[in-house]
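Engineer: Mind looking at a prediction? Sequence and model below.
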Amino acid sequence: MMSSERRPSMAERRPSIMGPLSPHVEHRGSNLMVPHLAGLEDPLPDSTPGNVDVVIVGTGLVESILAAALSWQGSNVLHIDANTYYGDSSATLTIDQLKQWVQDVNSDKMKFYENAKLHVSGAIRNGKYSSRDFGIDLSPKILFAKSDLLSILVKSRVHQYLEFQSLSSFHTFENDSFEKLTNTKQEIFTDPSLPLMTKRNLMKFIKFVLDWESQTEIWASYAEAPIATFLVEKFKLDKAQVYELIFSIGLCYNIDVKTPEALQRIRRYLISFDVYGPFPVLYSKYGGPGELSQGFCRSAAVAGATYRLNLKFISYDPITKMALFSDGSKVSVTEKVVVAPTQSSDNSMNVPEQKYEVQRLTCVVEKPCTEWFAEGENASVVVFPPDSLKSGNKQAVQALVMGSGSDICPKGTSVWYLSTTQSGPRGELDLDAALEALEESIIRESSADLENDENILQVGSNGHFVLNSVKLGQSFKEYIPREKLQFLMKLYYKQFTSTPPFEVVDPSIFDLNSTDDDRLIPGASDNAVLYTSPPSAEISYDEAITAAKVLFQRIVGSDDDFFDIDFEDEDDTEKLNESAITDDENMNMTLDTGMSVEPVEFAGEMEI
Amino acid sequence: MLQFKLVLLGDSSVGKSSIVHRFVKDSFDEFRESTIGAAFLSQTIKLEKQDDVTIKFEIWDTAGQERYKSLAPMYYRNANAALIVYDITQPDSLAKAQSWVDELKNKVGDQDLVICLVGNKLDLCEEDPQKRVVDTEDAQRYASEQGLLFQEVSAKTGAGVTDIFQTIGEKLYVQKKNSQQAASQTRNTVNVELQRPSTNDSTSCCS
């Protein structure tokens, strides 16, 4: 166990200057153990380390954040993954990697996944597109502009490895059509379809929710009640707004969400708006959590962590403190072995129950789907609230649609990520129904005779053509599609996690396997191992930092040093000055110039 | 200013980092600690053969992730140039460098990638010519066959180091100039810079 004394942070233990070209700053055996800055000081020794503070198994997002946090704190980390790629259950995969992954799931080599079905079109097999043109996320996520992960990304400078784009289009599927979200105060004020009374109630609610926590008197009696009841009784909101608030803004999964949880989620959206521009959410280019995992792993490596892919964890013995790996190597561990349940060892007997189910359907379609994106953007979120689909869905289905501008798929295509918390065979029916709705909609919206239909396509004030979704919805019913949507890839799978769809992580699962308890199971290969939790159904990254922090605290004793790093900002000011120049090159523009809100664009869409 | 991403490749202990050190340190009196935390090292140079052209290298070191062939796709992505480093005093060194070239070409499909093969530890051979095990001609021949730039250097004395970056910079600049003339910029999506939140405050207008 770690001593109760606070371990000096990385910065404190470093000599203040770099010194000569090859500063031998590692004093093995002495008290002053300066973590090696890989690649910036000497070349590392060639052998596997024989002794580390922490072994982390699995390079999923939470594990990677933890690895970086521990490495910068000064712990010596060995981070391995059984796969040949980074990311584990957060990975971003090519089509070829997906094929292998599906095989592994169906042959039980990939734990806590089930029932993977993959269809890949001939267009990918025969070379029109190549496998590498695609970066498909196993658990796609969106990043709120005001969130703990975003702060850590900036603080750790991991954001410099990544590129981010904005997402402002949130659609709710209702009455067979997509309603664009009325999400800004300006839009609420200018929306002609909203009665004055509704506007007033909505504004009242928004004002409240931004500071809801301190106003317990308003919601205390609803603490155990569903949010819908609260919104209707307290704020007199209509069904349309209630649904938008719960499902599009709050991104909740069903109608029974309790008031405080839902308020928290609605607030998350509203406070994120306008932080970087007129949008609440960002995503990373080239892939989501898979990219972020790689970024945090690189950061950990810079701070001295050792990385080995394609290496399995075999066992850990808490008495001898030795961890064994598939290549026969072993390492002595001073602190802890942390394992992702997906990469647990054979004969493991301490893996926490993974009882929550997430069902996913990921498709690549041969359509750019720009109809669904705001101008200059490449992604949107579409929510199918309960009971909005032909299947009579009980849980919401959430879809994240990403176009080729996000660089996860080639030009002319887009990726649709659908997911639901509905368990059992029902889940797949719901996903299929949502897919069908998306398919019908995109064929209708992108069809050629749309241009001749003046009722649907109108010229906006800026001269652009603008879709009128209400009329579009009505015309759905009469429309018979002439073309079929080409699916380049279709992938179904079921995933399990110990994290419920709402609460972030349950810290108590990390209480299992503590060495202090006499709970060692004879014959188990994973006694005293600390297990992480696989990604939940949550569409945002909100759980990741919390989970990493709890684990960090379990290992280090406190979370005071969790990314307690402060790089001097000289670099940043230099960057700022240069950006004025690079803007001319059109390489590095800031958003305030490139984005504009067009509140008129979707006017008249909200049906009250 | 033009900015280019340059990645380092090669086996451990061939002196990849030392080369970068030499390059970056030569122009900075003091190697500041803050740079360590930076995601990568940056160095700006003036091109000697061009009037008034400065370019900035964003140099990505392997951070040790090459040891078990655990470099992430992120490392290679959008690289404009690569230094493939080998040790002229190590027998298998050139062969290993060649496999890194294959690996790189496999990972990065881009034709425009400027690759420079770099034989390090020239100083050891100048002290004692017996120490050289990789002939300059062999490496040179391989480099021309593959269309790579080639240079032998000493990170220790600095010999040849700035030349590498000048040559690469020159080639990148010419490429960029030509491609800009050929095709107009098609990119219309702007990235969000996380370090620069907008001044608007979402809460301001309704409180």
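Structural biologist: Sure thing, it's come through. Numbers count the residues shown, from 1 in each chain, chains lettered A, B, ... in the order given.
Engineer: what bits of the chain have low per-residue confidence?
Structural biologist: All of this is about chain A. Applying pLDDT under 70 to chain A flags residues A:1-48, A:175-192, A:447-482, A:502-518, A:568-608.
Engineer: The chain in question should be chain B.
Structural biologist: Per-residue confidence for chain B (pLDDT under 70) gives these ranges: B:26-39, B:110, B:181-188, B:199-207.
Engineer: Skipping its backbone neighbours, what lies nearest B:Q98 in space?
Structural biologist: Distances taken as CB to CB, 6 or more residues apart in numbering or on different chains put B:Y142 closest to B:Q98, at 6.7 Å, once the chain neighbours are dropped. Where C-beta positions appear, they are placed from N, C-alpha and C, glycine not excepted.
Engineer: Hmm, the one you found is touching B:L117, no?
Structural biologist: Yes - using CB atoms under 8 Å, B:Y142 is in contact with B:L117, at 7.3 Å.
Engineer: joint contacts of these two?
Structural biologist: When contacts are counted by CB atoms under 8 Å, 6 or more residues apart in numbering or on different chains, B:Y142 and B:L117 have B:L148 as shared neighbours.
Engineer: ok, those two, which is more surrounded?
Structural biologist: Using other CB atoms under 10 Å in any protein chain shown as the criterion, B:Y142 and B:L117 rank with B:L117 on top: 27 against 17.
Engineer: mind checking which helix or strand that one is in?
Structural biologist: In the assignment (DSSP states H and E), B:L117 maps to strand B:114-120.
Engineer: List the neighbouring strands of that strand plus their orientation.
Structural biologist: Using DSSP bridges, strand B:114-120 pairs in its sheet with strand B:81-87 (parallel), strand B:149-152 (parallel).
Engineer: what's in contact with the first one?
Structural biologist: The one in question is strand B:81-87. For strand B:81-87, contacts defined as CB under 8 Å, 6+ apart pick out B:4-11, B:13-16, B:19, B:57, B:93-94, B:96-97, B:100-101, B:104, B:108, B:113-121, B:134, B:139, B:148, B:164, B:168, B:172.
Engineer: Show me how far it is from its chain's centre.
Structural biologist: Centre-to-centre, strand B:81-87 and its host chain are 8 Å apart (CA atoms, centre = their mean, to the nearest Å).
Engineer: Same check on the last one?
Structural biologist: The chain centroid and the centroid of strand B:149-152 are separated by 13 Å, computed with CA atoms, centre = their mean.
Engineer: after it comes which helix or strand?
Structural biologist: Per DSSP H and E, the first helix or strand lying C-terminal to strand B:149-152 is helix B:161-182.
Engineer: can you give me the strands for the stretch 301-450 of chain A?
Structural biologist: A:306-308, A:313-317, A:322-325, A:330-339, A:356-365, A:379-384, A:397-403, A:414-420 (DSSP state E, counting those that start in this stretch).
Engineer: can you pull the buried residues of the second one?
Structural biologist: Within strand A:313-317, the residues scored as buried using 16 or more other CB atoms under 10 Å in any protein chain shown are A:F313, A:I314, A:S315, A:Y316, A:D317.
Engineer: so which of those residues are also by chain B?
Structural biologist: Applying CB under 8 Å from any CB of the partner chain, the subset of the buried residues of strand A:313-317 adjacent to chain B is empty.
Engineer: just curious, which of these is nearest to chain B?
Structural biologist: A:F313 (14.9 Å; CB to the nearest CB).
Engineer: if you skip the residues just before and after it, what's nearest to the closest one?
Structural biologist: A:V57 (4.3 Å).
Engineer: Name all residues that make contact with that neighbour.
Structural biologist: A:E63, A:I80, A:D81, A:A82, A:F313, A:V337, A:V338, A:V339, A:A340, A:Q343.
Engineer: Please indicate which of the residues you listed are buried?
Structural biologist: Neighbour counting over these (16+ other CB under 10 Å) leaves A:E63, A:I80, A:D81, A:A82, A:F313, A:V337, A:V338, A:V339, A:A340, A:Q343 as the buried ones.
Engineer: Excluding chain neighbours, what is closest to A:D88?
Structural biologist: A:G60 is the one closest to A:D88 (CB to CB, 6+ apart), at 3.9 Å.
Engineer: ugh, wrong one, A:S345
Structural biologist: A:S525 (4.3 Å).
Engineer: So that neighbour lies in a helix, does it not?
Structural biologist: No - residue state for A:S525 (DSSP: H, G, I helix; E, B strand; the rest coil) corresponds to coil; a helix is not indicated.
Engineer: OK, contacts around it?
Structural biologist: Contacts of A:S525 were listed using CB under 8 Å, 6+ apart, and they are A:I314, A:S315, A:Y316, A:S345, A:D346, A:N347, A:S348, A:M349.
Engineer: Let me see the contact set for the residue nearest to the first one when sequence neighbours are not counted.
Structural biologist: I take that to be A:I314. Spatial nearest neighbour of A:I314, chain neighbours left out: A:L324 (4.2 Å); criterion: CB to CB, 6+ apart. A:L324 sits next to A:F313, A:I314, A:S315, A:Y316, A:K330 when contact means CB under 8 Å, 6+ apart.
Engineer: Repeat the analysis, applying 6 Å as the threshold.
Structural biologist: By CB atoms under 6 Å, 6 or more residues apart in numbering or on different chains, the contact list for A:L324 reads A:I314, A:S315, A:K330.
Engineer: any chance of these in CSV, plus distance to A:G424?
Structural biologist: Shown next, in CSV, are the contacts of A:L324 (distance: CB to CB, whole Å):
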residue, distance to A:G424
A:I314, 35
A:S315, 35
A:K330, 43
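Engineer: hang on, the earlier thing: if I look at the residue nearest to B:Q98, how far off is B:K171?
Structural biologist: B:Y142 sits 18 Å away from B:K171, going by CB to CB, to the nearest Å.
Engineer: got it, and B:D87?
Structural biologist: 24 Å.
Engineer: Of those two, which one has the most company?
Structural biologist: B:D87 (22 against 16).
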